[in-house]
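# turn this into a structure:
(one chain, ligands or ions: 1)
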Amino acid sequence: MARDDGDELSFGEQLERDRLDQTPERTDETRVADFDAARQRRERARERALRRSTGAFPAVPDNPPEPSEGTDGSLYDAPTPNSRGRRRSERQGDETESPSGGYARFATRDEGSSVASGQDGADPYRRMPVEESTAERDTRLVDERPRRSRHAAEPGDEPSARRGRRVRDDVSDTAAGLVQAIRTAGQEADYVPVPTQPALSCSGLRKSFRGGLVLQDLDLDVAEHEVVVLIGASGSGKSTLLRCINLLEEIDDGTILLDGEHITDPRTNPDTVRRKIGMVFQSYNLFPHMTVLQNITLAPERVHRRRRAEVEAEARTWLERVGLGDKAREYPDRLSGGQQQRVAIVRALVNSPRLLLLDEVTSALDPELVGEVLTMIKDLKTEGMTMILATHEMAFARQVADRVCFLDGGRILEQGPPEQVFGAPQHPRTRQFLRRIIEAGRL
Ligand SMILES: Nc1ncnc2c1ncn2[C@@H]1O[C@H](COP(=O)(O)OP(=O)(O)OP(=O)(O)O)[C@@H](O)[C@H]1O
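Prediction:
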């Protein structure tokens, strides 16, 4: 539906206009003024919803505001699949925006609108039970939200159900999906869930080289602070996945969202993305003719146009932290392999990336040098860095991973907490792979 001035109307706006049109004794001026005011209110509500989606807020307020139909009687914005086609009066039990802009709450089927309107003495903000399902994957239960996510996907999860739902504008849709899930299950709920979005969300990734499919409809969500370790046989697609995430390879199909931003959109500037995603490779890739400091500051200065003094100060701080403070003026060939790899990691960290990708970072190191790099990665984990690592170091994977993903033939065949994947693998292929690792004495 189009407005008179040609603008597309959202579904909420259509309903709002219908409602205003049907109100008797209104002049054109008041109708237009009311419509614009309602539109602004909805935009403010949308901004608040977005802010809430990225930060913590109380699920159950100390002093819950009176449940409200909205101070203005306007329609709740962002209509949802299960609410489309219904007017506010019919769906006000689904979601209520408090006057202070604070809370999402969900009524069960039996509560109907009486709860939302505060009738019959029901506490409209009481906790309600919910059993987490796949559709609720991208929500956190506020009262139990851990600092570090344990994103334990189950084998057999249906990824396609999540596809295309990771953009910021989908926050309300996610919440609505959750409401629907609760209703479908017909269960009473324990908690008020809050929709959140993963730091990284890959959906339906496909990548082929010369006709050979290397990634096949691969889905992967990574929560903030989560450490995901990719394991799998040589050629299973681990490096390709990391390179696609960093836009070093162009995907054939699918989407990658970073903090809800569609980074695989062809209009995206890869340099902007790479400032937010640090990547470290097996072979450290340091420039031999540049000092350690120059290697670290090169891209931030030249590509990202950051001020030299600022970048140098950051680089020196990092070098001190990883015990290489005295190496800033050295050339790479004067450093050990482990030291060079630590410099490469510092180079990836100096832009304060949102996500760090580590591709076999210990493979090229002498065994006695592996430890210092692994210690550095463990320290980064402790500090809450969100990371995806591809590694053949199974013992390390077991120690550092929040979640282990086993790749086979370009697919994530099995994933879960390390104790589950290493201790009780479900898929025969995972068991076969791990048996070989154990036989080789690598686990
Ligand atoms: N640039 C490329 N051109 C052609 N084929 C490629 C290219 N990059 C990767 N491949 C192929 O894609 C498949 C997956 O490679 P990838 O490096 O992602 O696997 P991997 O799981 O990281 O292996 P490894 O553990 O040995 O590093 C392999 O068959 C590889 O030969």
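
# the protein: helices as residue ranges?
With helices called from DSSP state H, the chain shows them at 11-22, 28-54, 88-91, 112-116, 171-185, 238-245, 270-276, 292-302, 308-321, 337-349, 367-382, 394-400, 418-423, 428-439.

# ranking these by mean pLDDT, which is last?
Among the helices of the chain, helix 112-116 carries the lowest mean pLDDT, at a mean of 32.

# report the buried residues of stretch 293-311.
L293, Q294, N295, I296, T297, A299, P300, E301, R306, V311 (16 or more other Cβ atoms under 10 Å). Quick note: C-beta positions are derived from backbone N, CA and C, even for glycine.

# what does that stretch rub up against?
271, 274-275, 286-287, 290, 312, 315-316, 318-319, 328-329, 332, 343, 346-347, 350-351 (Cβ atoms under 8 Å, 6 or more residues apart in numbering).

# ok, stretch 210-220 next?
Stretch 210-220 has contacts (Cβ under 8 Å, 6+ apart) with 159, 162-163, 200-208, 228, 237, 240-241, 244, 251, 254, 405, 409-412.

# cutoff 6 Å now
P159, C202, S203, G204, L205, R206, K207, G237, T240, G410, R411 (Cβ atoms under 6 Å, 6 or more residues apart in numbering).

# filter the residues you listed down to the ones near the ligand?
For the ligand, the contacts drawn from those by Cβ under 6 Å from any ligand atom are G237, T240.

# from the contacts of stretch 210-220, which two are the most distant?
Using Cβ to Cβ, these span at most 18.1 Å, a distance reached by P159 and T240.

# looking at the two, which has the bigger crowd around it?
More neighbours surround T240 than the other of P159 and T240, with 24 against 18 (other Cβ atoms under 10 Å).

# ok, for that one, nearest residue in space, not its chain neighbours?
Nearest residue to T240 in three dimensions, chain neighbours excluded: V214, at 4.9 Å (Cβ to Cβ, 6 or more residues apart in numbering).

# what is the burial count for that neighbour?
Counted with other Cβ under 10 Å, V214 comes out at 21.

# please apply the same query to H225.
The burial count for H225: 17, using other Cβ under 10 Å.

# hmm, it is touching E383, no?
No: the pair H225 / E383 is not scored as a contact, 9.2 Å apart, by Cβ atoms under 6 Å.

# show the contacting residues for V373.
Here V373 is in contact with G338, Q341, T362 (criterion: Cβ under 6 Å, 6+ apart).

# go again with 10 Å.
The contact partners of V373, by Cβ atoms under 10 Å, 6 or more residues apart in numbering, come to 280, 322, 337-342, 344-345, 358, 361-362, 365, 393, 396.

# that older thread, how about the buried residues of stretch 293-311, which pair is most distant?
Longest span within the buried residues of stretch 293-311, Cβ to Cβ: N295 and R306, 15.1 Å.

# quickly note the distance from the nearest residue to V343 once chain neighbours are set aside to the ligand.
With sequence-adjacent residues excluded and distances taken as Cβ to Cβ, 6+ apart, V343 is closest to V292, at 5.2 Å. Distance check for V292 against the ligand: by Cβ to the nearest ligand atom, to the nearest Å, it reads 27 Å.

# V292 against L286, yeah?
Yes: contact criterion Cβ atoms under 10 Å: V292 and L286 qualify, at 7.9 Å.

# who has more neighbours, these two?
Shown here are V292 and L286; by other Cβ under 10 Å, V292 has more neighbours (25 against 21).

# put the alpha carbons of stretch 309-319 into CSV.
The C-alpha trace of stretch 309-319 is given here as CSV (Å, rounded to 0.1, in the frame of the first residue of the first chain):
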residue,chain,number,x,y,z
ALA,A,309,50.5,8.0,17.3
GLU,A,310,47.3,6.4,18.4
VAL,A,311,47.9,3.1,16.6
GLU,A,312,51.5,3.0,17.8
ALA,A,313,50.5,3.5,21.4
GLU,A,314,48.0,0.7,21.1
ALA,A,315,50.5,-1.6,19.4
ARG,A,316,53.1,-1.0,22.1
THR,A,317,50.5,-1.7,24.8
TRP,A,318,49.6,-5.0,23.2
LEU,A,319,53.3,-6.0,22.7
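
# quick one: buried residues of it?
V311, E312, E314, A315, R316, W318, L319.

# list just the nearest of those residues to the ligand.
W318 (26.9 Å; Cβ to the nearest ligand atom).

# which residues touch the closest one?
So W318 contacts I296, L324, G325, R342, V343, I345, V346, R347, L349, V350 (Cβ under 10 Å, 6+ apart).

# against M376, how distant is it?
Counting by Cβ to Cβ, to the nearest Å, the separation of W318 from M376 is 10 Å.

# with F287 instead?
Relative to M376, and taking Cβ to Cβ, F287 is found at 21 Å.

# out of those two, which sits in the busier spot?
Applying other Cβ under 10 Å to F287 and M376 shows that M376 carries more neighbours, namely 20 against 11.

# what is the burial count for R334?
With other Cβ under 10 Å as criterion, R334 counts 12.

# how far away is the residue nearest to it when sequence neighbours are not counted from D366?
Distance criterion Cβ to Cβ, 6+ apart; nearest residue to R334, sequence neighbours excluded, is K327 at 8.0 Å. To D366, K327 is 18 Å away according to Cβ to Cβ.

# quick one on the thing from earlier: so who does the residue nearest to V343 touch?
Residues near V292 by Cβ under 10 Å, 6+ apart: 286, 315, 319, 324, 327-332, 334-335, 339-340, 342-343, 346-347.
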